[in-house]
Structure formats: C-alpha cells, structure tokens
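**Student:** Sequence and predicted structure below; questions after.
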There are 2 protein chains.
Amino acid sequence: MIVAGAQNGLFAASLCMLDKGDEVLVLEPMYVTYQATFEAAGAKVVPVPLTAKDFGLDPEVLRRSVTPRTRAIAFATPSNPTGRTLDRAALEEIAAIAVEHDLTVIADEVYEALVLEGQHVSIASLPGMAERCVTIGSLSKSHAMTGWRVGWAIGPKPLIGHMDRLALAMLYGLPGFIQEAAVEAIRRYDEVADAMRAVYRRRRDLLIEHLASCANVEVVKPVAGMFVMLDIRKTGMTSLDFAWSLFQATGVSVLDASAFGVSASGFVRLSFTTSEAQLSEASRRIAAFLHGLEDRQTAPAGTAPAASP
Amino acid sequence: MIVAGAQNGLFAASLCMLDKGDEVLVLEPMYVTYQATFEAAGAKVVPVPLTAKDFGLDPEVLRRSVTPRTRAIAFATPSNPTGRTLDRAALEEIAAIAVEHDLTVIADEVYEALVLEGQHVSIASLPGMAERCVTIGSLSKSHAMTGWRVGWAIGPKPLIGHMDRLALAMLYGLPGFIQEAAVEAIRRYDEVADAMRAVYRRRRDLLIEHLASCANVEVVKPVAGMFVMLDIRKTGMTSLDFAWSLFQATGVSVLDASAFGVSASGFVRLSFTTSEAQLSEASRRIAAFLHGLEDRQTAPAGTAPAASP
C-alpha cells in the first residue's frame, strides 16, 4: 500500500500489528521516532543494543530479550544513524528467532537504495518470512523526495487490508499529483538511485579520508546511507559536550548520537548530505578541532581549560 | 495545527480525545467516515437522529442520548449530506448539554465557506466553548483543494499539543509546497470563497427550480454546501432502488443517502459539483423519470411493471 511517507507506514503498521502491553524488540541505536511510534499503539519498546563490532547484531542478545509478551522485532537496515547494514547471516538469525517465537518483523528499509558496498537484503525475501514481515520503504532517500511524504508498506494481504482501512480513516488518500510523481520516480528508479549512490560514495570517502589523521576518534565506516558515526569517547568528553564545543569552536554542526539510544552514547553523527566543497571545509575544521583537543590532552595539567560549554 | 486534510484532523482528534469504551454522540445523518474514525480510538458511536424539520436538531433527543460514558458530541455544520446548518439557537442547546455533562465537542466545519444563506456560526465562538471544542476545517470546499489533503484543527492548547506529538509519529510533517499553497489560498480566502459561493448558489437554484414541478418528491432546500437531499419516499421505492433505477433509466447517478444513517433512508443525495449545463440536462432527465413514475403510480394496477432493478 502507498503511505504518506515511511513514518506514516511505520505508524499504520504499529497501530494494526500491536496492542497495549505488547513488547517490540527494537535494535538500538534506533531512529528517533520509533519509540513514540510503537508506544502510540500502547506497545512497550524494548531496546536491543547492537553490541557486536561496528553496531553489529549479537543474536544472543536479541534472543535473551524475548519474553512471553514479545510480539514483534523492528529494525532499520541500512540503519540511520549507524550507516551499517544487517547482512544475510544476521537477518537469518533474526528470522529464526521470529519463527521460533511466532513474532512479526517490522523492517524499515528506507535507505535500501543507498547501499554503497555490497547488496541490500530484505528480511522478507528469506524463506517463509514474507508472511510475517511488513517492509517499509520510501522515495525520500533514493530520490531526495523527503518533502513529498510518499512511501509504501509491503506485507501479508490481511495486514495490508487492515492498514488500508486505517489509512482511509487516517488520511482519505494522498494527493494525486504526489502519487503521479512517485510513479514517475519509480519508473526511473535505477537511473536516479545509481546517481545518488555515486554522489554519496564520493562524499563518504572524502569525509573518511579527512578524519583518518585524527588519532582521538574512530570512524565507523558507513557501508550505506548518508551519515557517519564518530566514536569520540577517547576525547574524554560526552557526545553532547563534544557536539556543542565543536559547534562553538568551528561552526560545524554534528548530532549527539545518544538521541538514538544508549549504545550510541559517546558517538556523534556526521551527515554528508551537503556538497563536497562544504564537506571538505567542515572536515578540515573538525580535524583541526580534534588536533587541538589532542594537544590539550597531552599538555601538562592546568595549562588549558577543559573544552566544555 | 495543520493536518493532512480534515479527515486526518478528525482522526487525530479522535485518537487524542477518546478512549476505549467512551461514547460519542454523533448527529445523524453523518458523514460516512465518522463511525470508523471514532471507532479507531475504541470509542462507540451513538447516532443522534436529526428529527426536527429538514434534518434539524431536537435538543431533547440529544439530551436523552447522554449516558455516564458519553465523552463527546460530534457533528458537521454545514452538513454533508443534508446541506443544512445548525443555527445559533441549536448550537447554544448543544453547548448547554456539553457544559452540563462536561463533554467535549468535535465540530467539522469543512463547508463553512459554502454557507449560501445566512452566516456560519462556530460553536467554539459561543461563550466558554473554545476550551471544550476542537474545530476542523480545510481548503477542500472553499478552494476545491480536496486533492491537496490540507486542513487544520483548532482547539485548546493541551489538546493541540497532544495532537501535534501524534502528528509527528503519524506523518512527520506535510509537504512544504502544499503548506505554501495553503498559505497562498488562505491569503486569498474571501476572494476565492465568494466566487465559489456564487457558483454553488446558481447551481443550487437551478437544480431546485427544475425539481419543483415533481409532485412525488420533496426537496430539502440546502442552505449550504454542494448537495441537495431529495425525499423520494412518496414514490414507494427504497432510496437504493430509486438511485439504481434512475441510473439505469437515465444515466444520472445520485447517491442512496442511507449510507449517511437511518434518518437519511428514503432520501437520495444529488451533487451540484458539475457544470450548469450538465445540471440542467440531469435535472431534465430526473424530472422526466419522476413524471414517468407518477404516471405508472396513477395507472390502473397491472398495466406497468414496478420500477426496480
């Protein structure tokens, strides 16, 4: 079914799949709206931290989170903020747990067109999973059509029938001209998405290259999407302090990633949705700021003030 | 707050104001989506028939429908399908009942710009009512912008704050270009709405004039909107049979109004959203069909088949 953007699809799926008291296991870091979206149905969000390297899944952590009240597993792949994907092996682990405990799966795949390395895998494509998955997509990333609010939800017929009735009461349809634009965008999907990937790959490489010289941060190399996570814990600052100090010192704005969950605490999220020229300048300033921190950290105590707001 | 059309505003109000087990008194005939919209929140819709002349309100019928579980009163003024409005006296009666029983009021005023006789009165404008009303409006009728899905909900700050948080999880905003179009439409509100009213007034008068010669139907003269209700009970047919037979005999499509509630059973709804030329031709065919029915009704028994599909 067509929805008014992926967020609307997640909301409709939440209302139609979840009841009060249900628990949803959500891989964390998670997108900032998930908690409110699932709680809108009365469900309880149970964050499942991605504890393996580079925000990878440890299936045992997921398995241990299942309770008799667990109803669904939700995640985004590729992920905002991590820029990482769940590979086939990880998705097979999730599928096995879903089947074992008769859970549904809510897969947010809005970044599917922006996989920069490897191939996107939909959990719904695994054997037996289509009937227990709802897959959410949109044109916001592939076509930079975020402001058009148009996407889709794909799932088993009874669920989509239910969501479609909800959509009538919730929206009474989407603007026809937006649907027409979406059809045209989908007709040119590969052409547009290929170009988007080429742009984002160049920007990502540029950003990573500039940050490579900074000893006190670690880059989580994004394999997808438009964001890069920077582990700033070695600076001794909180991610909020870091983001704020960087902004005050350099005018470069990054996001304190702790908004995406406790696993992302100590990380900041850099966006590469801006031009290469701006990214180069921003990277230069970030690197200079980081080198300044290094100098202060290695200087004798008391010679420099702590960098905090 | 801005909403994705009046339907979206009603839905958001319903989810934020009503809980499972609550009863909503809805003046009936009612718009076809109301039942699903209020039931989406788990509430029970209690239809309150408009039993006074021309679908007018009998306040005693409304008062008798209040129970300890009643939470809200909902209605549209002007009304689709009736084309009638609730005047100040009727709104004061509703307000008194709402205050007496501490009920909230959901007022659907999407046809407010199309009041063809008299002045539109908002129940929220009555003394003490703003704090217990949510008023829903849109540009769909005043500007024929139905397909743009943009409207508004006006209510007390705490409710709107709650609805705004819901809107974030439900939609994550509306397209910016639609909001810009809405701003421009509102800047030219009077100019556009005046022109709309002039057009609809002419069409209504044309339709009523053509139907005046038909003895076996009664026209409920619309004082607002774009529809006219025709009482066809004297024909001896059900409204469904009438609509179907008319369509088969003449190619003119009217709506069996019983979809709007039991009070509208025996009525068909004619739309005057088409050109005057088409309306003249359609009226001519309807009149001919009705005269044919009269002839058959007055003919000796057995000389003509009953008009039914």
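**Tutor:** Received it, and whenever you're ready, just let me know what you need.

**Student:** Only C-alpha atoms from now on, for both contacts and neighbour counts.
**Tutor:** Noted.

**Student:** tell me which element A:K141 is part of?
**Tutor:** In the assignment (DSSP states H and E), A:K141 maps to no helix and no strand.

**Student:** dump the residue contacts of it.
**Tutor:** A:K141 makes contacts with A:V110, A:Y111, A:A113, A:L114, as judged by C-alpha atoms under 8 Å, 6 or more residues apart in numbering or on different chains.

**Student:** Also A:Y189?
**Tutor:** A:S142.

**Student:** any idea how far A:A259 is from chain B?
**Tutor:** 16 Å (C-alpha to the nearest C-alpha, to the nearest Å).

**Student:** With A:S265 instead?
**Tutor:** Distance, A:S265 to chain B, using C-alpha to the nearest C-alpha: 23 Å.

**Student:** What does that residue show for phi and psi?
**Tutor:** With angles defined as degrees, to the nearest 10, A:S265 sits at phi -70, psi 140.

**Student:** before we move on, the earlier item: farthest-separated two in the contacts of A:K141?
**Tutor:** Greatest spatial distance among the contacts of A:K141 (C-alpha to C-alpha): A:V110 and A:L114, at 8.8 Å.

**Student:** what's the closest of the contacts of A:K141 to chain B?
**Tutor:** Nearest to chain B among the contacts of A:K141 is A:V110, at 14.4 Å by C-alpha to the nearest C-alpha.

**Student:** Tell me how many other residues crowd that closest one.
**Tutor:** 26 (other C-alpha atoms under 10 Å in any protein chain shown).

**Student:** Quick check: which element contains A:V252?
**Tutor:** Using DSSP H and E, A:V252 maps to neither a helix nor a strand.

**Student:** Among the contacts of A:K141, name the buried ones.
**Tutor:** Listed as buried from these are A:V110, A:Y111, A:A113, A:L114; burial here means 16 or more other C-alpha atoms under 10 Å in any protein chain shown.

**Student:** would you turn those into TSV with pLDDT, secondary structure and distance to A:F267?
**Tutor:** Formatted as TSV, the buried ones among the contacts of A:K141 follow (pLDDT from 0 to 100; DSSP: H, G, I helix; E, B strand; the rest coil; distance: C-alpha to C-alpha, whole Å):
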residue	pLDDT	secondary structure	distance to A:F267
A:V110	98	coil	23
A:Y111	97	coil	21
A:A113	97	helix	25
A:L114	97	helix	22
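
**Student:** Excluding covalently adjacent residues, which one is nearest to the spatially most central residue of chain A?
**Tutor:** Centroid check for chain A by C-alpha atoms, centre = their mean gives A:N80 as the closest residue, at 1.7 Å. Leaving out its chain neighbours, the residue that sits closest to A:N80 by C-alpha to C-alpha, 6 or more residues apart in numbering or on different chains is A:Y31, at 6.2 Å.

**Student:** that older thread, show me which of the contacts of A:K141 is closest to B:A90.
**Tutor:** Nearest to B:A90 among the contacts of A:K141, with distances taken as C-alpha to C-alpha, is A:V110, at 50.5 Å.

**Student:** For that closest one, give me its contacts.
**Tutor:** So A:V110 contacts A:A6, A:A76, A:P78, A:I136, A:G137, A:S138, A:L139, A:S140, A:K141 (C-alpha under 8 Å, 6+ apart).
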